[in-house]
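Novice: This is the structure alone, sequence omitted:
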């Protein structure tokens, strides 16, 4: 029965419960988070280190790189409840075990149950406890997951750079023609200057104005084209193998995980609690003796004096005691209850 059902039974009832700081009950491990940026960076660093080992033997100038390939994710440790994050659902608390009354009393007069030779009474308690309990709760949990990976190894082949010398271009003289004064135009094939012994190429023989130079195409000094520099280069990376990588541990915290506690600890109860019927008057038996009271009953009248007989642990009252259940006759009654068959 739930605690809230107890509260409905009697307004005087109260209880106290203290949940353990940490639950001992296992929960289903939470799903692993995706690999974080730090985890992937750690994988990349390990794969690049594995790739770099190939350089000295197979191509010191080649570029060697590694690329992680993620694998299985397994729970390494946890989940472990984070202290101080437990929130108990008090409506779910269930007492566990047999109620243990600590302050008991018998209410009402003794009654008979069928043909039993003993008499019974209703036992109540005003305090007691349940030895254990169950409840639902939520809490945060820390876990560590191992993210496994392998490494793809890539090689980019190195090509040394080189220089292509520029082309040499020799000097080119200017092109034009000489004309006599008054002939201002000419082309490369005609000219109008009869002085073929002009003293200098490209110089106007101006001191007597016989021949004047007209440049049509300017000359050009000798020069060379710039060298062409082809820098060092590398081919596109090519996959050359896959190697073991290992695993990277990643911590995670799951918040508000639904949990169940099968052994939540003792529940202390204060208030009236009906413990049910118990034997309160024990018959003396066939060998004689006297009635005995037990289970907290004072015994009432042990003589049964008066009419009707006074209630208590005595034969006269036994004869008239209320019958709660079962048959009212039993052969054992006549042999175990003193003077039962007498008027």
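Specialist: Great, that's in hand. Since we're looking at a predicted model, the values are computed, not measured.
Novice: Show me where the chain has its helices.
Specialist: With DSSP state H as the criterion, the chain has helices at 3-9, 37-52, 55-58, 315-320, 331-336.
Novice: can you list contacts of the third one?
Specialist: In other words, helix 55-58. For helix 55-58, the external contacting residues (Cβ atoms under 8 Å, 6 or more residues apart in numbering) are 62, 64, 155. The way it works is simple: take the backbone N, C-alpha and C, and place the C-beta from them, glycine included.
Novice: Return the residues in contact with the residue lying closest to the last one once chain neighbours are set aside.
Specialist: Closest residue to residue 155 apart from its sequence neighbours, by Cβ to Cβ, 6 or more residues apart in numbering: residue 240 at 4.9 Å. By Cβ under 8 Å, 6+ apart, the residues touching residue 240 are 54, 153-155.
Novice: Residue 316 and residue 124: what is the separation?
Specialist: Residue 316 is 26 Å from residue 124, where distance means Cβ to Cβ, to the nearest Å.
Novice: I meant to write residue 109 there.
Specialist: Taken as Cβ to Cβ, the span from residue 109 to residue 124 is 14 Å.
Novice: try residue 300
Specialist: 17 Å.
Novice: ranges for the strands of the stretch 151-300 of the chain?
Specialist: 158-159, 162-164, 168-169, 175-179, 212-217, 223-224, 228-230, 233-234, 238-261, 267-282, 292-293 (DSSP state E, counting those that start in this stretch).
Novice: Lowest average pLDDT across those?
Specialist: Among these, strand 175-179 carries the lowest mean pLDDT, a mean of 71.
Novice: related to what we said a few turns ago, between residue 300 and residue 124, which is the more surrounded one?
Specialist: More crowded of residue 300 and residue 124, by other Cβ atoms under 10 Å: residue 300, with 22 against 18.
Novice: Quick one: residues contacting the more buried one.
Specialist: Here residue 300 is in contact with 109-110, 293, 310-314, 317 (Cβ under 8 Å, 6+ apart).
Novice: give me that answer again for 6 Å
Specialist: Residue 300 is in contact with 311-312, counting by Cβ atoms under 6 Å, 6 or more residues apart in numbering.
Novice: Now do it against residue 103, distance only.
Specialist: Distance from residue 300 to residue 103, by Cβ to Cβ: 20 Å.
Novice: nearest residue to residue 38 other than its sequence neighbours?
Specialist: Excluding the flanking residues, the one nearest residue 38 by Cβ to Cβ, 6+ apart is residue 250, at 7.9 Å.
Novice: Just confirm that neighbour contacts residue 144, I think it does.
Specialist: No. Using Cβ atoms under 6 Å, residue 250 is not in contact with residue 144; the gap is 7.1 Å.
Novice: So for these two, which sits in the more crowded spot?
Specialist: Between residue 250 and residue 144, counting by other Cβ under 10 Å, residue 250 is the more crowded of the two (20 against 15).
Novice: Residue 285 versus that one, what's the distance?
Specialist: Taking Cβ to Cβ, one finds residue 250 at 75 Å from residue 285.
Novice: coming back round to it: which among the contacts of helix 55-58 gets closest to residue 149?
Specialist: Distances from residue 149 to the contacts of helix 55-58, taken as Cβ to Cβ, are shortest for residue 64 (17.8 Å).
Novice: Which residue or residues pair with that closest one through a beta bridge?
Specialist: Legend: beta-bridge partners of residue 64 under DSSP bridges are residue 155.
Novice: which residues does it contact?
Specialist: Counted by Cβ under 6 Å, 6+ apart, residue 64 has contacts 51-52, 54-55, 155.
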